[in-house]
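Trainee: How does the following fold in three dimensions:
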Amino acid sequence: MSERALVSVALLLVGAGLMLSTFGLQFAELGGAFSPMFFPRIVLMMWVGLALLNVVADVMAQPAPQPIRLATVAAIGLGVLVYVIALPEIGFFFASVPLALGMLWLLEVRSPVALVGIAVGVPGALVVLFNHVLTMPLPASPFLWWI
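Mentor: Here you go, the predicted structure:
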């Protein structure tokens, strides 16, 4: 089994576990889209669906055997742990940018345009979408109120 397939299976299992954990939560019965779990479930369902497609693609591809880089997988796992701890302290944007930069670097994306564009653009677009368009605030930064 390749490193990509192993990471794909791990992502599938984590996403499935998180999605299953949203079903036992109790909130005031507001119905359907008014539930606080509505958007997280949609995101997690997309995560599980994409992870499942990724597992199938990785298993079917059968690439040439390469050694599994456990250090890379461990570093990404550690980065996600630090991200979860830092998120409430420094806000979504300032926690997401270093995580994205680190993950892209570990996954050997070296183009400066891709690194900065993805690492800053995706969290920035999510902040604009959730904080300013949908008015469903992400964890706020203590440094800048609008991020």
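Trainee: ranges for the helices of the chain?
Mentor: With helices called from DSSP state H, the chain shows them at 3-21, 38-61, 70-90, 92-106, 112-127.
Trainee: For A140, find the nearest of those helices.
Mentor: Each of the helices of the chain has some distance to A140 by C-beta to C-beta; the shortest is helix 92-106, at 7.7 Å. Where you see a C-beta, it was placed from the backbone N, CA and C, and this is true even at glycine.
Trainee: The closest one vs helix 70-90, what angle?
Mentor: On the basis of axes from the mean of the first three to the mean of the last three C-alpha atoms, to 10 degrees, helix 92-106 is oriented at 170 degrees to helix 70-90.
Trainee: can I get the helices of the chain in TSV with distance to W145?
Mentor: Supplementary listing: these in TSV, determined by distance: least, C-beta to C-beta, whole Å:
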stretch	distance to W145
helix 3-21	29
helix 38-61	23
helix 70-90	14
helix 92-106	12
helix 112-127	12
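Trainee: what's the neighbour count on the closest residue to A51 other than its chain neighbours?
Mentor: The shortest distance from A51 to any residue that is not its chain neighbour, by C-beta to C-beta, 6 or more residues apart in numbering, is 3.9 Å, and that residue is L12. Burial measure for L12: 19 neighbouring residues, criterion other C-beta atoms under 10 Å.
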